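Asks: Predicted structure and sequence below. I'll ask about it afterward.
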Amino acid sequence: GAVLMASRALAAAARGPEDYLEVYGTLLRQSSRPVVLHWLGPVFDPQLAGYWGHDGLDEAADLLVKIVAEHPRKVDGVKVSLLDAEREKDLRRRLPAGVRCYTGDDHHYPELIAGDGELASDALLGIFDPIAPIAARAALALDREDPGGFRALLDPTVELARHLFAPPTPFYKTGVVLLAWLAGYQEHFTMLAGLESARSLPHLARAYELADQLGLFPDPERAGGRMRRLLAEQGVGA
């Protein structure tokens, strides 16, 4: 299905909440199937500050709920990327019946996905890329109605997730690409615009350590060799 991403252009051009109502209303009326609305907070992209026409996140949430309530059959769900678990829980309580809450909270995802016994968030997370083998087993545990097993698998991954998504959070992709290279899923550690250098060497080394402790590398020797090569290229251990 389609995802309506948050728009930097709209954030820059909008004069107030009414512009968001008009733009999103027009798009939703034109959609032939339900879409996912993405609320990407300024912690992920500072250029999206003031999205939904409000600087305050409470008022922004009110406007988002109003848009969904006016077009409930055109909205499959809302992805929330604010790194604020309590705010996400409050929002998912306010969504109309049948509209999903997709968590984009890479700091608190185990508790949000496990739910509170009444409501739960579905997963649509960046961290599920590097931890995919563990996340898959955790999902099977939920399918078996084993929330304890789910948390036992997923909780230990939170330290890695919080490390990768630490401020400045927009640079989380550097760590994700590093781990993909170390795991052998790609043959280089090179990113557009030189973003492979967006994180410090100690940050990358810690990401390697945490991923290795979780058993995320199919070939630990290859991962270790590539990490040593990266360190050597930067003069470490020379």
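Replies: Right, received. Where do you want to start? Residues are numbered from 1 along each chain as shown.
Asks: okay, now the domains of this protein?
Replies: Annotated domains of the chain cover 1-125, 158-237 [the TED database].
Asks: Quick one: distance of the last one to the chain centre.
Replies: Offset of domain 158-237 from its chain centre (C-alpha atoms, centre = their mean, to the nearest Å): 18 Å.
Asks: likewise the longest one?
Replies: Distance of domain 1-125 from the chain centroid (C-alpha atoms, centre = their mean) equals 13 Å.
Asks: end-to-end on that domain?
Replies: 16 Å (C-alpha to C-alpha, to the nearest Å).
Asks: Same check on the shortest one?
Replies: Looking at domain 158-237, the gap from its leading to its trailing residue is 30 Å under the measure C-alpha to C-alpha.
Asks: Could you find the closest non-adjacent residue to Phe128?
Replies: Among residues not flanking Phe128 along the chain, Ala135 sits closest, at 4.8 Å (C-beta to C-beta, 6 or more residues apart in numbering). Where you see a C-beta, it was placed from the backbone N, CA and C, and this is true even at glycine.
Asks: buried sites along stretch 166-174?
Replies: For stretch 166-174, the neighbour count (16 or more other C-beta atoms under 10 Å) marks 169, 171-174 as buried.
Asks: Looking at the residues you listed, which are in helices?
Replies: Using DSSP state H, the subset of those located in helices is 172-174.
Asks: show me the contacts for Val43.
Replies: Neighbouring residues of Val43 by C-beta atoms under 8 Å, 6 or more residues apart in numbering: 81-83, 167, 169.
Asks: ok, back up a step: of all the domains of the chain, which one is nearest Ala152?
Replies: When the domains of the chain are compared by C-beta to C-beta, domain 1-125 sits nearest Ala152, at 9.8 Å.
Asks: So what's the gap between stretch 120-139 and the chain middle?
Replies: Using C-alpha atoms, centre = their mean, the offset of stretch 120-139 from its chain centre is 10 Å.
Asks: pLDDT averaged over that stretch - what is it?
Replies: Stretch 120-139 carries an average pLDDT of 96.
Asks: Can you tell me what sits against it?
Replies: 36, 77, 79-80, 88, 92, 100-106, 109, 112-115, 149-150, 153-154, 157, 160-161, 164-165, 172-173, 175-176, 179-180, 183, 211, 214, 216.
Asks: Just the mean pLDDT for stretch 43-54, thanks.
Replies: Here the average pLDDT along stretch 43-54 is 96.
Asks: thinking again about what came up before, and the domains of the chain as TSV, adding distance to Leu142?
Replies: What follows is these, written out as TSV (distance: least, C-beta to C-beta, whole Å):
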stretch	distance to Leu142
domain 1-125	8
domain 158-237	17
